[in-house]
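# Provide a 3D model corresponding to the input given below.
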Amino acid sequence: QVHLVESGGGLVQAGGSLRLSCAASGRTFSSSAMGWFRQPPGKEREFAATISQSGSITYYADSVKGRFTISRDNAKNTVYLQMNSLKPEDTAVYYCAATRLGRITTYKHEYSSWGQGTQVTVSS
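This is a model prediction of the structure:
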């Protein structure tokens, strides 16, 4: 299991930017594909972005493609989500997650470790 702690959330105006960080503990981080999910108010948790173990492969939900960038630093055991051109509909609790699969995935049931989440609120 990987222990995950997100940070970097907050209140931002539409059009602004935020960078989320997810610090991982445990020796399996560099061998784990990682993902970012989000849960808007009153809605189900949804996929946002995922990155492979080496960082060479990324994949995004259509709703964030071109605006969000996922990256990782295996030396620092950290995965990031750079969010630009934020919209009010990006308001959600953002979660990072780790999967034991040897590949990226968009399915939340395939992730075995989750952080506690960080709130992102985008005002119009």
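
# OK, contacts around the residue most central in space within the chain?
Nearest residue to the geometric centre of the chain (C-alpha atoms, centre = their mean): Trp36, 2.3 Å. Contact analysis of Trp36 by C-beta atoms under 8 Å, 6 or more residues apart in numbering lists 20, 22, 48-50, 68, 70, 79, 81, 94-97. C-betas here are computed from N, CA, C, even on glycine.

# just the strands in the chain please.
3-7, 10-13, 18-25, 33-39, 46-51, 58-60, 68-73, 78-83, 92-99, 113-114, 118-123 (DSSP state E).

# any chance of these in CSV, with mean pLDDT too?
Converted to CSV, these look like this (pLDDT from 0 to 100):
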stretch, mean pLDDT
strand 3-7, 97
strand 10-13, 98
strand 18-25, 97
strand 33-39, 98
strand 46-51, 98
strand 58-60, 98
strand 68-73, 98
strand 78-83, 98
strand 92-99, 98
strand 113-114, 96
strand 118-123, 98
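
# nearest to Tyr107, of those?
Set against Tyr107 and scored by C-beta to C-beta, those come closest in strand 46-51, at 7.6 Å.

# That closest one: which residues count as buried?
Neighbour counts over strand 46-51 (16 or more other C-beta atoms under 10 Å) mark 47-51 as buried.

# related to what we said a few turns ago, let me have the strands of the chain in CSV, adding distance to Thr106 as columns.
Formatted as CSV, the strands of the chain follow (distance: least, C-beta to C-beta, whole Å):
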stretch, distance to Thr106
strand 3-7, 18
strand 10-13, 25
strand 18-25, 17
strand 33-39, 8
strand 46-51, 4
strand 58-60, 7
strand 68-73, 12
strand 78-83, 15
strand 92-99, 10
strand 113-114, 15
strand 118-123, 20
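
# tell me the contacts of the spatially closest residue to His3 that is not a sequence neighbour?
Excluding the flanking residues, the one nearest His3 by C-beta to C-beta, 6 or more residues apart in numbering is Ser25, at 4.4 Å. Residues near Ser25 by C-beta under 8 Å, 6+ apart: 2-3, 77.
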